[in-house]
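>>> model this:
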Amino acid sequence: MINAIAIDDEPMALEVIKSHAGKVDFIDLKETFVSGKEALEILKTEKVQLVFLDINMPDMTGLDLSQLLPENTGIIFTTAYSQYGADAFNLNAIDYLVKPFDFARFLKACQKAKEQLPETEPDRYLFVKDSYDLVRVDLENLLFVQSEGNYLTFHEEDKKTVTRMTMTELVKTLPASHFMRVHKSNVVNLHKVKKIERHQVQVSEGIFVPVAANYHGELMEAIKKQWTVK
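Below you'll find the predicted structure:
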């Protein structure tokens, strides 16, 4: 799975990238930004391997921004102008997409990124705040996460941890290859799913997690990648 972001000052262009990226099973588009400066702030703390980057932007050009990205960050330029191609490849860009581009061309660029970028192991744990303490949550042992208001309960195989965090913040933190939101109040570890029923999944003996109808189809697609489904 390749963690990616997209930067473009045109919201409609970002919607196109978001739609295309949602069809590529090895691309996890974490965030989209209309400002290069805003994206740079996120890149100081977030692990991002690939950036879909527009060139003509008001606060900073994509060519200038590309030189400020963390070392070894892959870049696919997305622009309406073909004349910057030579400059882009001189900056070791993975690919250069001229708008409007279709899904087939987008997928080809993503395949190049997959071939060129080093594989990364998903995070194995995270630390969450419990009162005044930081508690380690082992992701391999995490069964599911349940939300109630602005609080989350992490249900591991041997313990529970409650922290103040929103579900939206959690989804951005967990590796998408292992965890999936299946309800407005629940995220499950796909590797722990033992049984899928119409309205719930079993993640351990006697432990079931509700699945909302609008997430069921997406869950089945994700499970097909984990299991051999006949």
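>>> now the lowest-mean-pLDDT helix or strand in the chain, how far from the chain's geometric center?
Here the helix or strand of the chain ranked lowest by mean pLDDT, DSSP states H and E is helix 85-90, holding a mean of 75. Here helix 85-90 is found 27 Å from its chain centre; the criterion is C-alpha atoms, centre = their mean, to the nearest Å.
>>> In the helix or strand just after that helix, which residues are buried?
Following helix 85-90 in sequence order, the next helix or strand is strand 95-98 (DSSP states H and E). Burial within strand 95-98, assessed by neighbour count using 16 or more other C-beta atoms under 10 Å, is assigned to 95, 96, 97. In short, each C-beta sits where N, CA and C put it, glycine included.
>>> out of these, which one sits closest to residue 127?
Closest to residue 127 out of the buried residues of strand 95-98 is residue 95 (36.3 Å), distances taken as C-beta to C-beta.
>>> excluding its backbone neighbours, what's nearest that closest one?
Residue nearest to residue 95 in three dimensions, not counting chain neighbours: residue 109, with 3.8 Å by C-beta to C-beta, 6 or more residues apart in numbering.
>>> so where's this protein shaky on pLDDT?
Within the chain, the segments meeting pLDDT under 70 span 119-123, 225-230.
>>> how about 80 then?
Low-confidence segments of the chain, defined by pLDDT under 80: 42, 44-47, 84-91, 118-123, 176-177, 224-230.
>>> Helices of that one, start to end?
With DSSP state H applied, the chain shows helices at 11-21, 36-43, 62-66, 85-90, 103-116, 167-173, 213-226, listed in chain order.
>>> which other helices and strands contact the first one?
Contact here means 3 or more C-beta pairs under 8 Å, 6 or more residues apart in numbering; DSSP states H and E; on that basis helix 11-21 packs against strand 2-7, strand 27-33, helix 103-116.
>>> Repeat the analysis, applying 6 Å as the threshold.
strand 27-33 (3 or more C-beta pairs under 6 Å, 6 or more residues apart in numbering; DSSP states H and E).
>>> Pairing partners for the strand it packs on, with directions?
Neighbouring strands of strand 27-33 in its sheet, by DSSP bridges, are strand 2-7 (parallel).
>>> just the CA coordinates of the partner strand, formatted as CSV?
Output of strand 2-7 as CSV, limited to C-alpha atoms (Å, rounded to 0.1, in the frame of the first residue of the first chain):
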residue,chain,number,x,y,z
ILE,A,2,1.3,3.4,-1.0
ASN,A,3,0.4,6.4,1.2
ALA,A,4,-0.3,9.4,-1.0
ILE,A,5,-1.6,12.9,-0.9
ALA,A,6,-2.7,15.3,-3.7
ILE,A,7,-2.0,19.0,-4.0
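>>> now the angle from it to helix 11-21?
Interaxial angle of strand 2-7 relative to helix 11-21 (axes from the mean of the first three to the mean of the last three C-alpha atoms, to 10 degrees): 160 degrees.
>>> so who does residue 26 touch?
Residue 26 sits next to 1, 2, 114 when contact means C-beta atoms under 6 Å, 6 or more residues apart in numbering.
>>> Can you give me the end-to-end span of stretch 184-193?
Terminal residues of stretch 184-193 are spaced 18 Å apart (C-alpha to C-alpha, to the nearest Å).
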